[in-house]
Every structure is written in structure tokens, then in C-alpha cells.
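S.K.: Need the 3D shape of this:
(chains A and B)
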Amino acid sequence: MNDVLQLFSQYDIPGAFLVNIELTLWSALFSMILGIVLVVMRISPVSSLRTVSAAYVALFQNLPLTIIMVFMVLGAFAQLKLSFSNQFDVNFFWLAVVGLTLYTAAFVCESLRSGINTVPLGQAEAARALGLSFSESAFQIILPQAFRGSVAPLGNTFIALLKNSTVAAAASVATESSSLMSEMIEYHANSIVAIFFIFAMGYVILILPIGALTTFLSNKLAVRR
Amino acid sequence: MKEESVSSTHSGSEPRKDSLSNKLLVELSHVEKHYGRLHVLKDINLQVHQGEVLVVVGPSGSGKSTMCRTINRLESIDSGVIRIDGQLLPEEGKDLARLRAEVGMVFQSFNLFANKTILENVTLAPIKVRHMDKKEAEDLAMDLLTRVGVQSQASKMPSQLSGGQQQRVAIARALAMKPKIMLFDEPTSALDPEMVNEVLDVMIELAQEGMTMICVTHEMGFARKAADRITFMADGRILEEGKPDEFFDHPKSERAREFLSKILTH
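M.R.: Below you'll find the model as predicted:
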């Protein structure tokens, strides 16, 4: 226990977790937006849009996240000169957000699509029969119901995102928790159990409320038919 | 306060025959459709004039619903021509949406929007498609809901209503677009028996007011009472057309005689 307290006084552990939370929140926001765009393309009447969306999902769902993250640094930044800021930390933070977003959006799209499959076909038919356009039916009728049906898979996607945010270490975000853990292990090899314990509990504490919220929302928002 | 009377708000309608004109509103000619190897519509030719009430009857799987759904292109067709009010039915996009707005549709399974209140269900299309302002659309919706007898349910969600009430709301939703023609695809088939009449009453009232209607139904009482013309379909073909009395009392085809003997003997 003394080990734990000492480690806390020596390192900014909550600060490291805060970096992961920030990575997660930004990536969740952007991947939600990109995921909605992808799923709308996926159900659109234009076949080329459907193909692009399906190809995107197939690609990013099957790429290991580490490869995407390494590409963001070595490919997008070093070769393609994609840069968000002159400040080293800030730049790599946003590169990591982009990597996480590209990856998570594929899963958001699939979560939403599973939600869309819970919406009876008759809802879309009724909307079309009234003369609503594709986008009006999608945003007024189909997506609002699909969201409610996809709360549980979306929750899982965001839980995975929070844990995946540790892969940002591969994109040189040195301040996040798994980087700090490596650093601590390097200097305190004798307290290795305590260090593991701290980080394991940290994630459990962060993720439990997400799971609880997901369960609560999926019950509360369920579409009554 | 659960049930309001359906017809209490109805104040005298003109005799409907006055509104029967010769204007051709719906025309199907040589329409063919296949589902894979199944030939579901075979050389369908159909004409419906303004103010006319056409009731389509026939055994299950005869293609009645499919035909009804081709008229606003919820089902595509393989060949043939469909015209609504003289206009060729467009294949896709904005033109199709515009044309669908002119054709009201009532489904077997109601299909009220589950994420909208009753009032919103009725106002959505007038606001989005007709660009009516919200207040005006709500007034119109309340008028229509009153007409079908569910005005007190306006702020509820569809799942809180009975099947019969939901179907009456669905009719009001379609009417809010002021359609030229209404399609009814087995509107009472999913209802508990005690709720069938409340929906049929609304439909009869509409028919008497001169609405042009195509109704696919198994309700023979309704067919006899409200129809100007009966179309009998079997195996994807229109086998017989005629006035209700003619059709029910003296069916011409063997297939129709067989069908009627099965349903009318009980």
C-alpha cells in the first residue's frame, strides 16, 4: 500500500488517465460523426456510396489499430507532412485522435447498422409513401430509432475505444497512461505488482460507469412498438 | 374517454356519385412483375377514375398487395406502364417523391412512426414535404384526427394506442398530404375483430366524400357497401371486374365462384 501511495506522489497518474479520457472523448465525437456519415452512405440508394462505405468498413475493421497509429506518425506525419501543430505533444495528440477516429468509425458504422436492422421496413416504406426524401426519412425516422437500438453495441464500441486509447503510445503520445506505466516499471521494477494494480483498477473504475450508463440508456430509450 | 365515436364529427356528405367524373387518375397497362422465378403480376391492366372506389379482392398470394404497392412504386415493375393523373410514374429520386406525396397509402401494419407522437406523425410530411408552417400543419392535423375520432390521443406515442386507433391515425396521416388518391393495403387484416368496424367506418365516410380509393381487402361487407367496382385477382392475373352486386351475385369466372363460395358460406 505504501508503494501505491508513493507512486501516486511521485507521478501524475490521474493526469495520465486524463490524457486517455481526452483522447477518447475527441475520438468518440469524431468517430460518431464519421460513423453516421458512413452508415447513411451504406443505406443510401446510390450504389457507389454504398460500395465506398462497405469498403471503408472492411478495411478499417480489419486493420490492427497499432498499424494505423504507426502510419499516422510515420506515414501521415513524417511522409505526407500532415501536421496539426508545431508543438510536439499537441501534434501527436491530434494524430492519435485521427487514427483512433478512422478506426473506431468503422465500428460505430457497424453498430448503427445493427440498430438500423432493428427498425421495421414498414417505417421506411411509410416515410417514402408520404413523399419524404431519402435524407428526410433517414434523419427523421430511421436513424433516431436506430440509435435507440444500437445503444448497447455503441457502448461496447466506446469501451473498446477507451482501452484502445492506450495504443496512442504507438503514435508517440508519451503522456498517456500506458506510456506512464512503462516508464514507472522501468524505474520501480520492485513495485511492479502495485503498478499493474493501479492501472488495472484505473481502467475498471473508468469503464464501469460507461457499462452502467449503456444498460440504463438502452432500457430507457428502447423503442416501444 | 377511451373511444370517441367515429362518425360523431361527420356532418353530412354530398352524395358521392356527383363527384364521379371521367378523369382517369390511375392507369396500369401491361404491368408485369417477377420475384425471381415467381411470376407475381401477369399483364395487369387497370383504370381508376376520379372519385371511384375500387376494391381488389382475391385469394392470398394472388398479387393484390403487390399490385397496390406498385402504384406508388414501393414495388418496382419489370415491364408495362403506370400513370398517375396522366403522369408516367418516375423511377427514382425527387420526381418519385413528389408523386408519392400525391398518393396516400395505408398499410396492413399501420407503420406509424414509432419515434414520433400521434400529432407529429400527421404533421411531419406536410411540414417537410409541403413546407407548411408548424402551426398550420398542427391545425390541419387536429382537424383530421378529430375527423377519425382520435383527437384526444394527439400527444401520445403510437404504441399507447389500440390497433384500430393506430390505423385511423395512419389514415389521417395520409390525408394530411391531401392526396389525389388513397391506397389501402389490407388495412383491417392486422386488427382485432372488434376494431375492424371503426376503421371501415372511416373508409366508408371517405368514399362517400368522393375520395378516389383503391382498397385491397378481405372485408366483403365493406366491398359490397362502398365499392363502385370490384376487381378479382388470382394467380397474378385480373380475372374479373364488375359492379359489386354483379360480382357477388353472379360471378362470371369459375375461380371467382370458387373463391366466393369459400368465404361467403360462413
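
S.K.: Tell me the predicted confidence for whatever residue of the stretch 51-200 of chain B ends up closest to chain A.
M.R.: Nearest to chain A, among the residues of the stretch 51-200 of chain B, is residue B:101, at 2.9 Å (Cβ to the nearest Cβ). Glycine gets a C-beta too; all of them are placed from N, C-alpha and C. Among the per-residue scores, residue B:101 holds a pLDDT of 92.

S.K.: contacting residues around it?
M.R.: A:130-131, B:125, B:129-130, B:177, B:179 (Cβ atoms under 8 Å, 6 or more residues apart in numbering or on different chains).

S.K.: Return the members of the residues you listed classed as buried.
M.R.: Neighbour-count burial (16 or more other Cβ atoms under 10 Å in any protein chain shown) applied to these gives A:130-131, B:125, B:129, B:177, B:179.

S.K.: Who are the packing partners of the longest helix belonging to chain B?
M.R.: Criterion DSSP state H: the longest helix present in chain B is helix B:193-208. Other elements packing on helix B:193-208 under the criterion 3 or more Cβ pairs under 8 Å, 6 or more residues apart in numbering or on different chains; DSSP states H and E are helix B:163-175, strand B:212-216, helix B:220-226.

S.K.: looking at those, which has the lowest confidence?
M.R.: Set side by side, the helices and strands packed on helix B:193-208 differ in mean pLDDT, and helix B:220-226 is lowest with a mean of 90.

S.K.: Check which residues of that helix are buried.
M.R.: Neighbour-count burial for helix B:220-226, counted by 16+ other Cβ under 10 Å, picks out B:220, B:222-223, B:226.

S.K.: What of stretch A:166-183?
M.R.: For stretch A:166-183, burial by neighbour count (16+ other Cβ under 10 Å) applies to A:166-181.

S.K.: Using the three-state scheme, assign the most centrally placed residue in chain B.
M.R.: Nearest to the mean C-alpha position of chain B, by Cα atoms, centre = their mean, lies residue B:184 at 2.0 Å. Classification of residue B:184 by DSSP: H, G, I helix; E, B strand; the rest coil places it in strand.

S.K.: Now for it: which residues touch it?
M.R.: B:68, B:105-106, B:203, B:213-217.

S.K.: cool, residue B:252 as well?
M.R.: Going by Cβ under 8 Å, 6+ apart, the list of residues near residue B:252 reads B:240, B:242.

S.K.: circling back to that earlier point, please identify which of the contacts of residue B:101 is nearest to residue B:110.
M.R.: Within these, distances to residue B:110 taken as Cβ to Cβ reach their minimum at residue A:130, with 13.6 Å.

S.K.: Tell me how far the closest one lies from chain B.
M.R.: Distance, residue A:130 to chain B, by Cβ to the nearest Cβ, to the nearest Å: 4 Å.

S.K.: Distance check, that residue against residue A:215.
M.R.: In this view, residue A:130 and residue A:215 are 35 Å apart by Cβ to Cβ, to the nearest Å.

S.K.: per-residue pLDDT, the nearest residue in space to the residue of the stretch 51-200 of chain B closest to chain A that is not next to it in sequence?
M.R.: Nearest non-adjacent residue to residue B:101, counting by Cβ to Cβ, 6 or more residues apart in numbering or on different chains: residue A:131, 2.9 Å away. For residue A:131, the pLDDT comes out at 92.

S.K.: Quick check: residue A:131 touching residue B:94?
M.R.: No: at 9.8 Å, residue A:131 does not count as touching residue B:94 under the criterion of Cβ atoms under 8 Å.

S.K.: which non-adjacent residue is nearest residue 110?
M.R.: Chain wasn't specified; assuming chain A. Distances taken as Cβ to Cβ, 6+ apart put residue A:57 closest to residue A:110, at 6.3 Å, once the chain neighbours are dropped.

S.K.: was after chain B, sorry
M.R.: Nearest residue to residue B:110, sequence neighbours excluded (Cβ to Cβ, 6+ apart): residue B:166, at 4.4 Å.

S.K.: Could you pull up the contacting residues of the one you found?
M.R.: Residue B:166 touches B:110, B:112, B:158, counting by Cβ under 8 Å, 6+ apart.

S.K.: and the second one, how many neighbours does it have?
M.R.: Residues within reach of residue B:112, counting by other Cβ atoms under 10 Å in any protein chain shown, total 27.

S.K.: Doesn't it lie inside a strand?
M.R.: No: assessed with three-state DSSP, residue B:112 is coil; it does not lie in a strand.

S.K.: How about the secondary structure of the residue nearest to residue B:101?
M.R.: coil.

S.K.: Now do it against residue B:131, distance only.
M.R.: Counting by Cβ to Cβ, the separation of residue A:131 from residue B:131 is 12 Å.

S.K.: residues in contact with residue A:36?
M.R.: Here residue A:36 is in contact with A:108, A:112, A:143 (criterion: Cβ under 8 Å, 6+ apart).

S.K.: The last one: helix or strand, and which one exactly?
M.R.: Spelled out, it's residue A:143. Element membership of residue A:143, judged by DSSP states H and E, is helix A:143-149.

S.K.: Can you name the element that comes right after that helix?
M.R.: From helix A:143-149, the next helix or strand downstream (DSSP H and E) is helix A:151-164.

S.K.: Spit out the contact partners of whatever residue of chain A ends up closest to chain B.
M.R.: The nearest approach of chain A to chain B comes at residue A:131, 2.9 Å away (Cβ to the nearest Cβ). Residue A:131 makes contact with B:97-102, B:125, B:129, B:177, according to Cβ under 8 Å, 6+ apart.

S.K.: Does residue B:27 touch residue B:71 like I think?
M.R.: No: assessed by Cβ under 8 Å, residue B:27 is found out of contact with residue B:71, at 10.0 Å.

S.K.: Could you pick out the residues of chain B near chain A for me?
M.R.: B:72, B:74, B:92, B:94, B:97-105, B:107, B:109-116, B:124-125, B:128-129, B:157, B:159-160, B:170, B:173-174, B:177 (Cβ under 8 Å from any Cβ of the partner chain).

S.K.: PyMOL command for the buried members of those?
M.R.: Command for PyMOL that selects the buried part of the residues of chain B next to chain A, burial taken from 16+ other Cβ under 10 Å:
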select buried, chain B and resi 72+74+97+99+100+101+102+103+104+105+107+109+110+111+112+113+114+115+116+124+125+128+129+157+170+173+174+177
